[in-house]
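Peer 1: Give me a 3D structure for the following:
(4 chains)
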2 protein chains.
Amino acid sequence: MPKKKKHSCKEQKSSAGFRGRIWIDGSEGTFLGYGRIVLLERIREYGSITKAAKSMEMSYRHAWELVDSINRQSGKPIVEAVTGGRGGGGTRLTEEGEKAIKLFWKFHADFQDFLKSEEKKL
Amino acid sequence: MPKKKKHSCKEQKSSAGFRGRIWIDGSEGTFLGYGRIVLLERIREYGSITKAAKSMEMSYRHAWELVDSINRQSGKPIVEAVTGGRGGGGTRLTEEGEKAIKLFWKFHADFQDFLKSEEKKL
DNA sequence: GGACGTAATATACAACAGGGAATAACGAAA
DNA sequence: TTTCGTTATTCCCTGTTGTATATTACGTCC
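Peer 2: Below you'll find the model as predicted:
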């Protein structure tokens, strides 16, 4: 499992001076943000919270808390964990999770466009 | 000096699920954000970092560091401090500071519109 | 039944941001 | 010269946040 580039705020940064961050809120505050989305994608890729966390240089505990927060705030489960069994189990994304990721990236892309348009106004 | 409402993230929150925060970047990272702008406006109102900080329930130390960061990253000074003298001195906004505040609020208003339009797309 | 690797959970530890308090410097006004 | 309230600066303390570590639970495969 190769280590992937750690998420940093710079990935949110536009070329010029205007910057920002977006989230989708839930009942407990943040429901989905950039970091959580990356985590979900890594879980999809590795099928394991443990491996996903390691690939982001994030502690398992933190990753698990994020996943738990996401699931608690979603009507339908976003990720489903299997414990025990061959390989010890694992975690997979639900169809609802895929839809949530798509929704966030659309929001994110629109926001990048917004930042660009703001900078053009200068 | 009456205590004013402390800034909280909720002031950034839109009615529905889409939320976000914006900043204007400088050479050291954040140059102007929501909290810094409120601080500048309080300084304009009170003519004093001490009073401005108290009105926001922010420590003087923190307020001074923010002001210092703002001035360091701006070509022209944003706030000018006078030390000593009757009343101990004070701090006032420069014309450049006024322009910076206007610029940020415009950016902020555009962003609020953006959030609203995103929510309408749902 | 034992091994394996993961989820789930608790506890202790480290790092850091920010708060609070203390102090010196400052300079006009009385 | 003394007074005054502010700026500027330092030091210590605390709360929070996340890390590291250890332990238990789990279920399939050998």
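
Peer 1: Please count neighbours and contacts with C-alpha atoms only from this point.
Peer 2: OK.

Peer 1: Please say whether there is contact between stretch A:49-57 and DNA strand D.
Peer 2: Yes - for stretch A:49-57, a contact with DNA strand D is found by CA under 7 Å from any atom of the strand, at residue A:57.

Peer 1: and that stretch, does that touch DNA strand C?
Peer 2: Yes - using CA under 7 Å from any atom of the strand, we find that stretch A:49-57 touches DNA strand C at A:49, A:50, A:51.

Peer 1: How about the residues of chain A by chain B?
Peer 2: A:16-26, A:107, A:111, A:114, A:118 (CA under 8 Å from any CA of the partner chain).

Peer 1: Can you pull up the most central residue in chain A?
Peer 2: residue A:37 (1.3 Å; CA atoms, centre = their mean).

Peer 1: thought residue A:118 was touching residue B:107?
Peer 2: Yes - between residue A:118 and residue B:107 a contact is recorded at 7.2 Å, counting by CA atoms under 8 Å.

Peer 1: Quick check: pLDDT value at the closest residue to the residue nearest to the centre of chain A other than its chain neighbours.
Peer 2: Leaving aside its sequence neighbours, residue A:37 sits nearest to residue A:101 (CA to CA, 6 or more residues apart in numbering or on different chains; 6.3 Å). You'll see residue A:101 listed with a pLDDT of 97.

Peer 1: Likewise for residue A:3?
Peer 2: pLDDT at residue A:3 comes out at 44.

Peer 1: Could you give the average pLDDT over the strand ranked longest in chain A?
Peer 2: Scanning chain A for the longest strand, with DSSP state E as the assignment, gives strand A:18-26. For strand A:18-26, the mean pLDDT works out to 95.
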